[in-house]
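A.B. asks: Pasting the sequence and the predicted coordinates here, then a few questions.
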Amino acid sequence: MPLLLTETEALNKNSQNFDKLPINKMADVMFAENFIAATAVKKAKKEIIKAVQLVEETYLNGGKIIFIGAGTSGRLGVLEAAECPPTFNTPKNLFTAIIAGGKKAVFESVEGAEDNSKQGAKDFLKIADKKDLLIGIASSGTTPYVLGALNTAKKQGNKTVFISSNKIAKKAGATVTIYLNTGAEVISGSTRLKAGTAQKLVLNMLTTMAMARVGKVYKNYMVDLQAKNEKLKTRAMRLIALAAGISAKEAKKYALKTNYSVKEAVIMSKLKISQKQAKEILKKHKGFLRGALNE
């Protein structure tokens, strides 16, 4: 009887004898396989858009976006949640992440943690509200820890998204299932490779597109960044100069006046008004810089 393998556990015919290949051929194989990850994401466009709309809806309704996963999938969720506050100036817990095994699992493997479905449900309930959106990430589509949380979220009435590289994930019945057909890995079963790459691309899209739609991006400028170090202060001044069409010297003046608030500085410069007035206009337009500038 033939051995039945899931999509991500299958043997990749393109990387047979990978260990014996010359290094340039190894690189060629990995380049080609990495393109498959991007292609898989493109094919899931419809579902990704639906998920972006859920993220936006959750934000506007005052809920949190919770990522949950184990191993590589969990770490990618942690990374995405950590990057949103400095990039989009989101509240600390708007994007949050749960990983099987807790904080220790971010840096090292916690064996067996992903097999505990009850713990996944418990960890979700510990921080969740009914307004929250749960985004499960599991290449296999069968991780008990993630499924435990997803099932509990559904029972509680939460909207859910499930990101996976196996069709079986659709059986979980998430509000939106993003199936990424990345196929067999270069190293059999090592889903930190193509599957993980595809997951990262999707997570980037969910947060970036949703935050752009709620006013945290102007043109393609990161206008809500948190300028908490010298690099980011310099970036804020550069963005003020670009968005307002002023010199670097003028941009620095406005940056210092507004404590590096790009939006306030741009409004002050373009409309020739005080910081207090800029704050009021920005509030009136719910943080949308285009609206504040009548564009």
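C.D. replies: Nice, I can see it.
A.B. asks: In the stretch 51-200 of the chain, what residue spans correspond to helices?
C.D. replies: Using DSSP state H, counting those that start in this stretch, the helices found in the stretch 51-200 of the chain span residues 71-88, 104-107, 117-127, 144-156, 194-213.
A.B. asks: Measure how far the last one is from the centre of its chain, please.
C.D. replies: What that stands for is helix 194-213. Its chain's C-alpha centre and that of helix 194-213 lie 5 Å apart, by C-alpha atoms, centre = their mean, to the nearest Å.
A.B. asks: Next secondary structure after it?
C.D. replies: helix 230-244 (DSSP states H and E).
A.B. asks: buried residues in the helix or strand following that next one?
C.D. replies: Per DSSP H and E, helix 230-244 leads on to helix 248-257 as the next helix or strand towards the C-terminus. Going by neighbour count (16 or more other C-beta atoms under 10 Å), the buried part of helix 248-257 is 250-255. Where C-beta positions appear, they are placed from N, C-alpha and C, glycine not excepted.
A.B. asks: Quick one: neighbours of the closest residue to residue 138 other than its chain neighbours, just the number.
C.D. replies: Sequence neighbours aside, residue 146 is the residue nearest to residue 138 in space, at 4.5 Å (criterion: C-beta to C-beta, 6 or more residues apart in numbering). By other C-beta atoms under 10 Å, 32 other residues sit near residue 146.
A.B. asks: Verify the stated contact: residue 146 with residue 140.
C.D. replies: No - in this structure, residue 146 is not within contact of residue 140 by C-beta atoms under 8 Å, at 9.3 Å.
A.B. asks: just to revisit the earlier point, dump the helices of the stretch 51-200 of the chain to JSON lines, plus mean pLDDT and distance to residue 40.
C.D. replies: As requested, the helices of the stretch 51-200 of the chain are exported to JSON lines (pLDDT from 0 to 100; distance: least, C-beta to C-beta, whole Å):
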{"stretch": "helix 71-88", "mean pLDDT": "96", "distance to residue 40": "15"}
{"stretch": "helix 104-107", "mean pLDDT": "94", "distance to residue 40": "26"}
{"stretch": "helix 117-127", "mean pLDDT": "97", "distance to residue 40": "25"}
{"stretch": "helix 144-156", "mean pLDDT": "97", "distance to residue 40": "19"}
{"stretch": "helix 194-213", "mean pLDDT": "98", "distance to residue 40": "5"}
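A.B. asks: Could you dump those into a markdown table and include distance to residue 295?
C.D. replies: Formatted as a markdown table, these follow (distance: least, C-beta to C-beta, whole Å):
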| stretch | distance to residue 295 |
| --- | --- |
| helix 71-88 | 20 |
| helix 104-107 | 41 |
| helix 117-127 | 38 |
| helix 144-156 | 39 |
| helix 194-213 | 15 |
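A.B. asks: of those, which approaches residue 227 most closely?
C.D. replies: Across those, residue 227 has its closest neighbour in helix 71-88 (9.2 Å, C-beta to C-beta).
A.B. asks: Burial check on residue 26, number of neighbours?
C.D. replies: Neighbours of residue 26 (other C-beta under 10 Å): 15.
A.B. asks: what about it, which helix or strand?
C.D. replies: In the assignment (DSSP H and E), residue 26 maps to helix 23-43.
A.B. asks: and the most centrally placed residue in the chain, what does it touch?
C.D. replies: The centre of the chain sits closest to residue 203, judged by C-alpha atoms, centre = their mean, with a distance of 3.1 Å. With contacts defined as C-beta atoms under 8 Å, 6 or more residues apart in numbering, residue 203 is in contact with 67, 76-77, 80, 137, 163.
A.B. asks: Check residue 139 too.
C.D. replies: When the contact criterion is C-beta under 8 Å, 6+ apart, the partners of residue 139 are 8, 72-73, 164-166, 191, 195-196, 199.
A.B. asks: Return the member of those residues nearest to residue 226.
C.D. replies: Nearest to residue 226 out of those is residue 199 (C-beta to C-beta; 25.5 Å).
A.B. asks: Right, I'll leave it there.
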